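J.: here's my sequence, what's the structure:
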Amino acid sequence: DTDAMAAQVTKQQALIRSLKKSGASPDEIASAVATLKSLKASLESALAANGDNDDPGSSFDRKTFDELVVRKMFVIPSFEIHGGVKGLFDLGPPSCALKSNMLDTWRKHFVLAESMLEMECTCLTPEPVLKTSGHVERFTDLMVKDAVTGECFRADKLLEDAVDRFLEDPANLALSSEERETHLRIQRQADAFQPEDLDVQLKKYGVKTVNGDDFGPSFPFNLMFKTSIGPEGTSVGYLRPETAQGLFVNFKRLLDYNAQKMPFAAAQIGLGFRNEIAPRGGLLRVREFCMGEIEHFVNPKDKKHPNFSSIADKELILFGRDDQLGSGKTIKVAMSKAVSTGLVNNETLGYFMARTQLYMEKIGMDPSRLRFRQHLTTEMAHYATDCWDLEIQSSYGWVECVGHADRACYDLEVHSRDTKTPMLATLKYDNPVDIEVAKLKFDRKLMGMAFKKDQRVVSAALDQLAENWDDFEKVATALEKEGTTVVDGYTVTKDMVSWKKASKKVHEIKFTPSVIEPSFGMGRILYSLLEHSFYKRESDEKRTVMKFNPLIAPTKVAVFPISSRDDLNIIVDGISSDFLENDISTRVDKSTAALGRRYSRADEVGVPFAITVDFQTLEDETVTLRERDSTVQVRLGRHEVAVVIGACVAGKMKWDDILKKYPVVQVSEGEEGEQESPNVKTVIDAVTKIEVNSRGTFSRPA
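T.: Below is the predicted model of the structure:
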């Protein structure tokens, strides 16, 4: 069972992460890595023997896709004529409109439908904010610098490459297996060395610059873009690596704006910046990216969602941590069952997972290539309760595109602690209730000697914890067992405070909200949508198509005259004006190219519908309407098309509805280059006929 073998690989990878975190010995880690390599080799052999290959990358024509994406200006390298910069890309006209439609749909699907509070926060973030969040300390890799050229390199990668070169050197082919393993062990630990140890290894393997000089000493490289705020240069800032912090620090104002009502959600769409060392995979790993983030603030003791019933029966493909480490198989399950069995931690988290699935389906993503993967225990932050990533399958494999995390109270607590600003919400009761609290008695003399002017700060922190016995119990337990504990950075000893458990009637309680965070990588979603939408005509593989649905297609409809006659062009302009007056993006092509060629141009940028004004239009004011994927055409009145296309864009009408209402007309195979759809009945007594002359193929009144 290859799925079970894949699960064993995942389990071994989790073990290695755990060993590294716990500071296991190098020999123990090396042994675990050797086992992992053996498991991977067995899995690859089994896949090859069974012919298992569900990777779309094996059949995806990346060369043709990449050529289309660049040629039609979906995505192009930034500053291309100057040589470009890795990790920076520009969106051309079609992708700019596609992204705009995606974001518009996202706002309607989440912000408007859920009555979220949308903000637009600054991209420039002061250093203290990111120190509090942990980004300043966390976003680092070790780098070395060429003193002559000033170029920087990732130090652990240089060491890994150096070991490879050493072992591949003909002079070292006679090394014993034990000696080779010693070098491989160093290679495997390259990312775990301290700076001084890494420098020793680089010198040992003779790692030099292109000029033959030694690199400078290793130093930590932070992936955030650092800058200074103001002309003095004394205030350090960063381009934000995520959009969430702006929402967290504005929690108090957002709560006031929402009239103190809980729960509520805040949302933001904006740019994030990460100075990636090795950008790759096109839009999958870039240095500047668009994010859509939601922070849903909820009572940590009540994570039910009022609208959960609306998605309870929605089935999702889930890849839980037990399945990742066990069977290796995903399961398809209704969200109500996933929550009730504890697979998904709570209703609010499950609600947003299902809503994300619905959003992906709405914009045209292939549902069979979507799954939610639960974070393994070794992957989650210590404060997180549960985390699920929506992964989209593309030619690069399964790519994380949306994270769903129950971050507990961590974010608000750390900002509250560092700024001394309460980040509290209030739960009011209709009738007073009894709660368990702690009654405290302080030894003011001891506290004054220990904390001096901060005595009131410490006592206030303890009083706040004492308002709820569940919060104070951890402090009490630590003082009883250890005789000391730390509260808001202050060391409190048992002789400074005494307490007793008591009951108290209250009309309201204060609490620090938990945060449920769906975080959308819009660039990754955009790239995945491009891949999911791309295909080649079966009858002619040279003809490529983007099958965007009408809702998010950059251009909704194309309008063509069958010839360049002025009377036809006047009608084309009139139809185009009708579309624009109804806010329907329109493409007009009056070129002398063959009609089939113009259809192909529209297909390549994903235009779902095409209107052709022909000679019959002059007689009865009817036009043909072509659907992109089936290439089937119907005839309808020219004054109806704006209403019909508008209904299709709004999702109120499908192509099948149009086929039932309007007559299908014949399409020449020579014009379209493909056969008629076998599922469509051609109207034999159509009022048009097809003629071919030196100007091309066109319909004419019968």
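
J.: so residue 333 belongs to a strand, correct?
T.: Yes. Counting by DSSP: H, G, I helix; E, B strand; the rest coil, residue 333 is part of a strand.

J.: partners of it in the sheet?
T.: Note on residue 333: beta-bridge partners by DSSP bridges are residue 316.

J.: report how many residues lie close to it.
T.: By other Cβ atoms under 10 Å, 18 other residues sit near residue 333. Using the backbone N, CA and C atoms, a C-beta is placed for each residue, glycine as well.

J.: show me the residues around it that make contact.
T.: Residues counted as contacts of residue 333 (Cβ atoms under 8 Å, 6 or more residues apart in numbering) are 315-316, 318, 343.

J.: would you mind giving these as a markdown table with pLDDT added?
T.: Output for those, formatted as a markdown table (pLDDT from 0 to 100):
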| residue | pLDDT |
| --- | --- |
| 315 | 97 |
| 316 | 97 |
| 318 | 96 |
| 343 | 96 |
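
J.: for the residues you listed, pick the one with the most neighbours.
T.: residue 316 (24 neighbours).

J.: regarding this structure, what is its longest helix?
T.: The helix that spans the most residues within the chain, counting by DSSP state H, is helix 26-50.

J.: what pLDDT, on average, does it get?
T.: On average, the pLDDT along helix 26-50 is 77.

J.: who does it touch, helix- and strand-wise?
T.: For helix 26-50, the packing partners by 3 or more Cβ pairs under 8 Å, 6 or more residues apart in numbering; DSSP states H and E come out as helix 2-21, helix 177-188.

J.: nearest to residue 84, of those?
T.: Nearest to residue 84 among the helices and strands packed on helix 26-50 is helix 177-188 (31.6 Å), distances taken as Cβ to Cβ.

J.: other residues contacting the helix or strand where residue 95 lies?
T.: Taking DSSP states H and E as the criterion, residue 95 maps to helix 93-106. For helix 93-106, the external contacting residues (Cβ under 8 Å, 6+ apart) are 72-75, 91, 269, 290, 292, 359, 362-363, 520, 522, 525-526, 529-530, 548, 551-555, 585, 605-606.

J.: all strands for the stretch 51-200 of the chain, in order.
T.: Applying DSSP state E, counting those that start in this stretch to the stretch 51-200 of the chain gives strands spanning 75-77, 89-91, 117-119, 124-126, 140-145, 152-154.

J.: what's the answer for the stretch 301-450 of the chain, then?
T.: With DSSP E, counting those that start in this stretch as the criterion, the stretch 301-450 of the chain has strands spanning 315-319, 331-334, 370-374, 386-394, 397-406, 425-442.

J.: export these as JSON lines, with columns for distance to residue 227.
T.: Output for the strands of the stretch 301-450 of the chain, formatted as JSON lines (distance: least, Cβ to Cβ, whole Å):
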{"stretch": "strand 315-319", "distance to residue 227": "40"}
{"stretch": "strand 331-334", "distance to residue 227": "47"}
{"stretch": "strand 370-374", "distance to residue 227": "35"}
{"stretch": "strand 386-394", "distance to residue 227": "31"}
{"stretch": "strand 397-406", "distance to residue 227": "27"}
{"stretch": "strand 425-442", "distance to residue 227": "35"}
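
J.: how about these, which one is nearest residue 496?
T.: strand 425-442 (6.7 Å).

J.: now do that closest one, average pLDDT.
T.: Here the average pLDDT along strand 425-442 is 91.

J.: ok, now stretch 504-519?
T.: Over the span of stretch 504-519, the pLDDT mean works out to 92.

J.: endpoint to endpoint, that stretch covers what distance?
T.: Terminal residues of stretch 504-519 lie 40 Å apart, using Cα to Cα, to the nearest Å.

J.: same check on stretch 365-382?
T.: End-to-end span of stretch 365-382 (Cα to Cα): 33 Å.

J.: quick one: that stretch to chain centroid distance?
T.: 11 Å (Cα atoms, centre = their mean, to the nearest Å).

J.: and for stretch 91-103?
T.: Stretch 91-103 sits 17 Å away from the centroid of its parent chain (Cα atoms, centre = their mean).

J.: just the C-alphas of that stretch, formatted as CSV.
T.: The C-alpha coordinates for stretch 91-103 follow below in CSV (Å, rounded to 0.1, in the frame of the first residue of the first chain):
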residue,chain,number,x,y,z
LEU,A,91,0.8,41.1,-13.5
GLY,A,92,-0.3,42.0,-17.0
PRO,A,93,-3.8,43.2,-18.1
PRO,A,94,-5.5,39.8,-18.0
SER,A,95,-4.1,38.8,-14.6
CYS,A,96,-4.7,42.2,-13.2
ALA,A,97,-8.4,42.0,-14.0
LEU,A,98,-8.5,38.3,-12.9
LYS,A,99,-7.0,39.2,-9.5
SER,A,100,-9.3,42.1,-9.1
ASN,A,101,-12.3,39.9,-9.8
MET,A,102,-10.9,37.3,-7.3
LEU,A,103,-10.6,39.9,-4.6
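
J.: buried stuff in it?
T.: If you call a residue buried by 16 or more other Cβ atoms under 10 Å, then stretch 91-103 has these buried ones: 91-92, 94-95, 97-99, 101-103.

J.: how about stretch 13-21?
T.: 13-16, 19.

J.: just give me the closest of those residues to residue 535.
T.: Taking Cβ to Cβ as the measure, residue 535 sits nearest to residue 13 out of those, at 34.5 Å.

J.: mind listing what that closest one touches?
T.: So residue 13 contacts residue 36 (Cβ under 8 Å, 6+ apart).

J.: what pLDDT does it get?
T.: Listed pLDDT for residue 13 reads 78.

J.: what's the spacing between it and residue 6?
T.: Distance, residue 13 to residue 6, using Cβ to Cβ, to the nearest Å: 11 Å.

J.: residues making contact with stretch 440-447?
T.: Taking Cβ under 8 Å, 6+ apart as the rule, stretch 440-447 contacts 455, 458-459, 462-463, 466, 493, 495-499.

J.: could you rerun that using 6 Å?
T.: Stretch 440-447 is contacted from outside by 455, 459, 466, 496-499, using Cβ atoms under 6 Å, 6 or more residues apart in numbering.

J.: inside strands: which ones of those?
T.: Within those, residues falling in strands by DSSP state E are 497-499.

J.: turn the residues you listed into CSV, including neighbour count.
T.: Listed next are the ones in strands among the contacts of stretch 440-447 as CSV, based on neighbours: other Cβ atoms under 10 Å:
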residue, neighbour count
497, 22
498, 12
499, 18
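
J.: ok, which pair from the buried residues of stretch 91-103 is furthest apart?
T.: 92 and 103 (16.7 Å).

J.: and residue 636, how many neighbours?
T.: Residue 636: 18 neighbours (other Cβ under 10 Å).

J.: that's a helix at it, yeah?
T.: No. Read with three-state DSSP, residue 636 is strand and lies in no helix.

J.: give me the beta-bridge partners of it?
T.: Under the criterion used (DSSP bridges), residue 636 bridges to residue 623.
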